[in-house]
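Chemist: Here is my input; please provide its structure:
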Amino acid sequence: MTGPMTVSERDLRALAGIVTADRADLPAQGLPISLLGDLMSQIRCDIISFEGFDSEHETTWFGQAVPTDVNTVDEAFEPVHWRHYWDCQPCSYPDRTGDLRSVIKITDFYSTRQWHSTGMYCDLYRPKGVEHELMLSLPAGPVRPPGPGRTLRMFLFRESGSDFSEADRALLTLLRPHLYQACLDAERRRHPSADLTFRQRQLLDLVAAGYTNAQIARRLGIAEGTVRKHMENIHRRLQVPSRTAAVTRALPHPGLAAGR
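Modeler: Numbering: from 1, shown residues only. Presented below is the predicted three-dimensional model:
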């Protein structure tokens with residue numbers, strides 16, 4: 001059994017700074033690089049990347065990383081990645097289970113010997129010099145309308161040394177909702193939406209995250225009929241016919257015309 005973990009006041013202040021800092025370095029897609037850099041300083045790793053996955057179409061529509069000279073969406077390795085993706089248990093875990101809440105490690109699925117015998121390790125991870133990985137998944141809603149296989153993935157990589165600890169996993173798990181909110185905030189700054197009330201924006205955030213009307217009602221402590229009425233008002237205000245169109249209108253998503 002894992003023993004209790006302690007966090008110092010200094011650590012707590014550093015974590016609070018990661019999720020509350022007013023950041024000016026907003027990129028065209030993804031999260032501010034300074035946020036990724038701050039997170040990297042709290043969880044030791046050699047590379048941290050944030051990527052948009054569409055496993056149904058086997059594409060990665062954006063990628064960013066610290067250090068910034070790392071190419072996370074490498075055309076030479078993309079076909080290799082997708083060739084082994086479905087056979088790689090940690091890689092395809094969110095698609096197979098629908099679990100976007102768990103922060104996972106390679107060692108949750110394989111022993112070191114088993115991992116070193118996989119096609120993913122032999123053809124991709126070993127050539128890139130990566131030994132250990134910690135992965136967090138988020139709904140793609142803040143960046144693109146929800147759809148089968150669409151997720152946002154954050155990867156922390158270590159090239160050698162010890163594996164990520166349970167404290168590392170716990171820290172990333174605690175930050176998960178704040179990182180999701182950071183995605184929402186980044187999209188709003190990039191694409192100021194129509195004039196919606198706070199409650200309407202709150203509902204659309206949940207719609208974008210894939211919640212049904214009944215789930216939204218339970219989450220907000222209101223009647224399902226009230227949710228339907230709010231959605232009708234949102235459709236009318238945005239002049240759109242559907243939930244998906246409302247999310248697309250409120251959070252415009254570049255590249256949808258390309259069918260991704």
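
Chemist: in the helix or strand where R188 lies, what counts as buried?
Modeler: Secondary-structure assignment from DSSP states H and E places R188 in helix 166-190. Residues of helix 166-190 classed as buried by neighbour count (16 or more other CB atoms under 10 Å): 168-169, 171-172, 175-176, 179-180, 182-184, 186-187. (C-beta placed from N, C-alpha, C; glycine too.)

Chemist: Can you tell me how far S8 is from F157?
Modeler: Per CB to CB, to the nearest Å, S8 is found 26 Å from F157.

Chemist: So those two - more neighbours on which side?
Modeler: F157 (22 against 8; other CB atoms under 10 Å).

Chemist: can you pull out the helices in this structure?
Modeler: For the chain, the helices defined by DSSP state H cover 9-20, 33-42, 78-85, 89-97, 112-116, 119-120, 126-128, 166-190, 198-208, 213-220, 224-238, 243-250.

Chemist: Let me see the residues that make contact with the longest one.
Modeler: If you take CB atoms under 8 Å, 6 or more residues apart in numbering as the criterion, helix 166-190 is touched by 2, 5, 15, 18-19, 26, 28, 30-32, 35, 39, 42-44, 101, 103, 105, 134, 136, 138-139, 142-143, 152, 154, 156, 205, 209, 251.

Chemist: and the buried residues of helix 166-190 as TSV, adding distance to E232 and pLDDT?
Modeler: Listed next are those as TSV, based on distance: CB to CB, whole Å; pLDDT from 0 to 100:
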residue	distance to E232	pLDDT
D168	45	95
R169	42	96
L171	41	93
L172	38	95
L175	35	94
R176	32	94
L179	32	93
Y180	26	90
A182	30	90
C183	27	88
L184	23	82
A186	29	86
E187	24	80
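
Chemist: Turn those into TSV, columns for distance to F53.
Modeler: Shown next, in TSV, are the buried residues of helix 166-190 (distance: CB to CB, whole Å):
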residue	distance to F53
D168	22
R169	20
L171	23
L172	18
L175	20
R176	16
L179	16
Y180	15
A182	18
C183	14
L184	18
A186	18
E187	17
